[in-house]
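Trainee: Show me the folded form of this:
(2 chains, ligands or ions: 1)
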Amino acid sequence: MSASTEAKLAVARVAGAISRLRGGGGTSLPGKLLLRMEPHAVSVLAGRLQRGSALISATNGKTTTAALAASAFGRAGVSLVHNQAGANMAGGIASTLLSASRPGMRIDGELGLFEVDELWLDRLIGELSPRAVVLGNLFRDQLDRYGELDTIADRWSAALDSPSGLRARLVCNADDPLLADLGRERETVFFGIEDDSLSLPGMSHAADAKHCRRCGAPYLFEAIYLGHLGRYHCPSCGQRRPSPIVYADQVELEGVRRARFRLTTPAGSADVDLALPGLYNVYNALAAAALATALELPLATIVEGLQSTGAAFGRAENVTVAGRTTYILLVKNPAGANEVLRTLALEDGEHDLLGVLNDRTADGHDVSWIWDADFELLAGRVRRVVCSGTRAAELALRLKYAGVEPWRIEVVEDLAEALDSAVAGGELGTPLYTLPTYTAMLALRDLLVRRGEAKSSWQ
Amino acid sequence: MAVSSPILRVCALYPDLMNIYADRGNLLMLERRCAWRGIGFRLTSSSLGDPLDGSAHDLYYIGGGQDRDQRLCAGDLHEHKRTALHEAAARGAVLLGVCGGYQLLGHSYALDDDEMPGVGLLDIRTVRERGPRLIGNVAIEVTLEDLDAGGEDSTDRAAPKPRVLAGFENHGGRTYLQAGAEPLGRVLKGHGNDGRSGYEGTRAGNVIGTYLHGPLLPKNAWFADWLIATALGVEIGELASLDDELEHRAHESARRAAGLAAA
Ligand SMILES: [Zn+2]
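Mentor: Numbers count the residues shown, from 1 in each chain, chains lettered A, B, ... in the order given. Presented below is the predicted three-dimensional model:
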């Protein structure tokens, strides 16, 4: 650490200020610039955090899990440096650390809480030497960018076996066989669901990672809760799902609004009333609770933290558009989309929908994933659906083959026109459900902010 | 229809393992387009260790999978299903392989230090070489002589008119056509078999392999119909026409994504 580092921080800060003045959200730009001047800036700045860092990675639920954990740490009075805008690669995390850093080698915060992109986790474990690493789930996602699940699992495994990885406390989803296999040989805080009433009749088509990492035989599932998450064992070598020490039972799902469950940790049990919908958010809450447990927060504080968390940006967030309650339900890969569709199916009646399928880099250029998602869950449940985005017609076709009658489907590529059509075409007083991919969600939110219907995420 | 209550009998090979690029969409496309026309549809699957009947199905489908799963399937295919697939091909059944499934229809797939055997129905060899995976939207031009000589709306029956297949490719392997192989099509946009030859896919009679997913058939409904007709042994003109407005728009969308002008 030197005076020259302080100078580089100052330069990067100015660059960030200029980018904000120009109106760019540009959360990762100053960090990227800083990393170009000082490649180990993340390590240097995070070294100032008294309580170290915790990293959260997963295919789905990173942002929500981090928000839930942040809420619990906030209740406990721990001040955080947290990349809450979701910029989760090295540049974004460097930016977050940069904006918390203060002159004289100080930093405004005790604990770093970072959601991390799956492909960046190994490098960031090396840079940050985190106290804890949370692995939430690993689903098939954007194959053109992320590649095969096995490849990601191998990279994670190598990073966890590195000296910095071995020092971290691993917090891991016991119900995901691929992840559980990474946590077996160490002192891992496993979390999971223990509620057979939630078990699905069979594995969904999008399910992956069904083979034992030790011997290669397919796992047998006694219960499947979500995608390939469930209770399983290997008939060949006897490997089984580890028993979670943080778990949920007595789960009750209440449509797109809330979920209730009983949370058990080594400190005891408590009822949780979560203001987030769906089983996928129960998993996010468990991951956050397990991290907070690993970092020794009291159970009551954890429960308060979970219960006081609202929807994260674009994740089941709702706004009012022209008098209609409009839910923004991010869909970006088959497993995540299936959970949103399942949750939506819990709501009675026929729905008005706006689906927005984009194929930009952050969405994945390959839109084939829509055929792995169970849009069949919407058959008979759609009053009217407007399809928009760069690949609108392909989403429309998917819905047709899922059993939605073609006369209920409208294709409007332009998002603003599509939103108008979706709002105006439906029944006043009933909700509108929007299902956007990642960049579509950002565009939709932007549109709503400009119309004064939603708050900017950069505040 | 010329055929009285026909049934399309489809066998999906390893649907639990070779399904990574939304291969389900291809099967769903066949199923619905048969159902809407009153054609029966019977789907059977055959996975690891299962027997395969080379005389019982009109169309055999094999999709793509992760390396590890593909390796498992290659061994099983070679050991338990190769003879049946040769029998099926010899009697004119349609065999469609997409991505990893395409590679396994050839002679071999050399990956790092080992070589997966193929079933040898296509005269191709695939090699995983240094260099990036070939990823992106793709459009190819195919000419199917038995489809529509002279084109969709033409009365000129002289020369077959080329058609476009649009899709997405994502493969580490480079596929090389050997002396006896004919490509499925000519690359208009994208990489194709090896990124250099300008060819995509391979066809030997009714055995067809391609790297196009996305999936293939939803983006190219006309090709789904060609497969249905060919598998049933009827002229494509004998299939009842359907309201394909959304199918056409989806095809246009995929073409546009590949950088091709509208038809
Ligand atoms: Zn095993």
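Trainee: make it CA atoms for all contacts and neighbour counts henceforth
Mentor: Will do.
Trainee: Just list the residues touching A:His233, thanks.
Mentor: By CA atoms under 8 Å, 6 or more residues apart in numbering or on different chains, the contact set of A:His233 is A:Tyr219, A:Leu220, A:Phe221, A:Gln239, A:Arg240, A:Arg241.
Trainee: can you name the two of those residues that are farthest apart?
Mentor: A:Phe221 and A:Gln239 (12.1 Å; CA to CA).
Trainee: Do you have the strands of the stretch 1-150 of chain A handy? List them.
Mentor: A:53-57, A:80-82, A:101-102, A:106-107, A:111-115, A:132-135 (DSSP state E, counting those that start in this stretch).
Trainee: With distance to A:Lys332, mean pLDDT and mean neighbour count added, can I get those strands in CSV?
Mentor: As requested, the strands of the stretch 1-150 of chain A are arranged in CSV below (distance: least, CA to CA, whole Å; pLDDT from 0 to 100; neighbours: other CA atoms under 10 Å in any protein chain shown):
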stretch, distance to A:Lys332, mean pLDDT, mean neighbour count
strand A:53-57, 16, 98, 26
strand A:80-82, 23, 97, 22
strand A:101-102, 33, 90, 18
strand A:106-107, 35, 93, 16
strand A:111-115, 17, 98, 27
strand A:132-135, 19, 98, 26
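Trainee: Nearest to B:Ser45, out of the ones you listed?
Mentor: Nearest to B:Ser45, of these and by CA to CA, is strand A:132-135 at 34.3 Å.
Trainee: ok, back up a step: which ones among the contacts of A:His233 also lie next to the ion?
Mentor: Counting by CA under 5 Å from the ion, the subset of those that neighbours the ion is empty.
Trainee: May I see the ChimeraX selection of the buried members of those?
Mentor: In ChimeraX, a selection of the buried entries from the contacts of A:His233 looks like this (16 or more other CA atoms under 10 Å in any protein chain shown):
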select /A:219,220,221,239,240,241
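Trainee: Let me have the strands of the stretch 1-150 of chain A in a markdown table, extended by distance to B:Asn170.
Mentor: A markdown table is the format used below for the strands of the stretch 1-150 of chain A (distance: least, CA to CA, whole Å):
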| stretch | distance to B:Asn170 |
| --- | --- |
| strand A:53-57 | 25 |
| strand A:80-82 | 35 |
| strand A:101-102 | 42 |
| strand A:106-107 | 44 |
| strand A:111-115 | 28 |
| strand A:132-135 | 27 |
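Trainee: and these as JSON lines, adding distance to the ion?
Mentor: As requested, those are exported to JSON lines (distance: least, CA to the ion, whole Å):
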{"stretch": "strand A:53-57", "distance to the ion": "25"}
{"stretch": "strand A:80-82", "distance to the ion": "38"}
{"stretch": "strand A:101-102", "distance to the ion": "47"}
{"stretch": "strand A:106-107", "distance to the ion": "47"}
{"stretch": "strand A:111-115", "distance to the ion": "31"}
{"stretch": "strand A:132-135", "distance to the ion": "21"}
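Trainee: A:Ala180 contacts A:Leu170, doesn't it?
Mentor: No - under the criterion of CA atoms under 8 Å, A:Ala180 is not in contact with A:Leu170, lying 10.5 Å apart.
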